[in-house]
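Participant: Kindly return the folded structure for what I paste below:
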Amino acid sequence: MDVARRVVRRDQLLGVARAAVGTERRLMGLSRLRGGSKKGVYRLTFDDDSTAILYIWDDAENYWPDEHTGEPDDHADPFSHASGIDLFHAANRRLEAIGVRTPRIHLVDRSRSRYPADLAVVEDVPGENLEGLLQQDPRRAEPVLARLAEALDVMRSHTGPDFGKVAVIDNGRISRGRSCEQVVLGRALDDLAEAASRDARMARVRDRVDDAVRGLAAAVQPRSEYALVHGELGPDHVMVDRLGQPALIDVEGLMFFDVEWEHAFLRIRFGEHYRWLNREQLDEQRLASYTLAMRLSLVAGPLRLLDGDFPDRDAMTGIAEHNLQQVLALLPRGGN
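Facilitator: Numbers count the residues shown, from 1 in each chain. Purely as a prediction, here's the structure:
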């Protein structure tokens, strides 16, 4: 389904700006920031040179080609797309309640009276993201990584009564699926089928990957303790403020789940710097199963995104290719 891309203009946001920061500051400009495949992310600039970040949840801002069906999001599925103002607001409240830094909210507006979409205005954390800092000055990033590890420990100690997105659990609802490991297995098999339908190399080894996915999942022992996890915590989702404190962004996917799911992603995204975040007492069998599932997700997801008109196509192609090679490397030697 083709979706018209809306151009957001400054004059459309004057009422939003007044509601967010008051009348003493005047909105002078806005610029769209890179990223934001599910929502629009803009920097608002005011006449005193202060800034804020605007999030807009709207079909016109969503580049995922399978999300424009008109059907409501099924947040009972732990792995449904983590997008929407309700998920964002619930996640922000939860992180603030346990003392984990995330940008402060200036405005949450579901009324669509000021702009024809759900939106939020939040603090523009004054600094760079951790990904940039690691590239420019890894030594200066070390205390930030240590503080991030402390924040992850706080999240790990915060457990829930069931698994699922925070907004779902907070509303007393039950997530779909018997267990975390069963949900991950189902997602991995779906991602494998999708990747095989889009890439001939994956199609040729589909049966072998299927065997590996099922074999690793079968070795995972049952568990009924669910920790708070971000879900997609790469260094690009960590802002670093002027005091060197990490602030988590893109938090809509916050959920109660197996902590190994978080660490599978952390290991992939932080590479050699993961040593700062590594923790003992992780279930290695669960971690192995989840790592393969995560790799498959990082093949299928970018390939699906490329079906639409997402602008940064080289980056998505690179992510899919790298993770496809990692999946192939995980297979036992032999076979076709």
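
Participant: Going by C-alpha atoms from here, please, whenever you check contacts or count neighbours.
Facilitator: OK.

Participant: for residue 225, what are its contacts?
Facilitator: 159-162, 257-258 (CA atoms under 8 Å, 6 or more residues apart in numbering).

Participant: element containing residue 178?
Facilitator: Using DSSP states H and E, residue 178 sits within no helix or strand.

Participant: and it, how far is that from residue 221?
Facilitator: 13 Å (CA to CA, to the nearest Å).

Participant: what do you get for residue 199?
Facilitator: For residue 199, the distance to residue 221 - CA to CA - is 33 Å.

Participant: more crowded one of those two?
Facilitator: Shown here are residue 199 and residue 221; by other CA atoms under 10 Å, residue 199 has more neighbours (15 against 10).

Participant: Show me which helix runs longest in the protein.
Facilitator: helix 284-305 (DSSP state H).

Participant: Buried residues in it, which are they?
Facilitator: 285-305 (16 or more other CA atoms under 10 Å).

Participant: For it, what does the pLDDT average out to?
Facilitator: Per-region confidence: helix 284-305 scores 95 on mean pLDDT.

Participant: again with stretch 48-68
Facilitator: 80.

Participant: Just give me how far it sits from the chain centre.
Facilitator: 14 Å (CA atoms, centre = their mean, to the nearest Å).

Participant: now swap in stretch 168-176 and tell me
Facilitator: The answer for stretch 168-176 is 19 Å, by CA atoms, centre = their mean.

Participant: Can you give me the end-to-end span of it?
Facilitator: 11 Å.

Participant: Any buried residues in that stretch, and which?
Facilitator: Quick answer for stretch 168-176 (16+ other CA under 10 Å): 168-169, 175-176.

Participant: domains of the protein?
Facilitator: According to automatic domain parsing, the chain is divided into the following domains: 10-123, 128-330.

Participant: rank the ones you listed by mean pLDDT and give me the bottom one.
Facilitator: domain 10-123 - the lowest mean pLDDT of these, at a mean of 89.

Participant: Settle this for me: residue 297 is touching residue 190, isn't it.
Facilitator: No: assessed by CA atoms under 8 Å, residue 297 is found out of contact with residue 190, at 9.0 Å.

Participant: Next, count neighbours for residue 240.
Facilitator: For residue 240, using other CA under 10 Å, the count is 22.

Participant: Nothing else from me, thank you.
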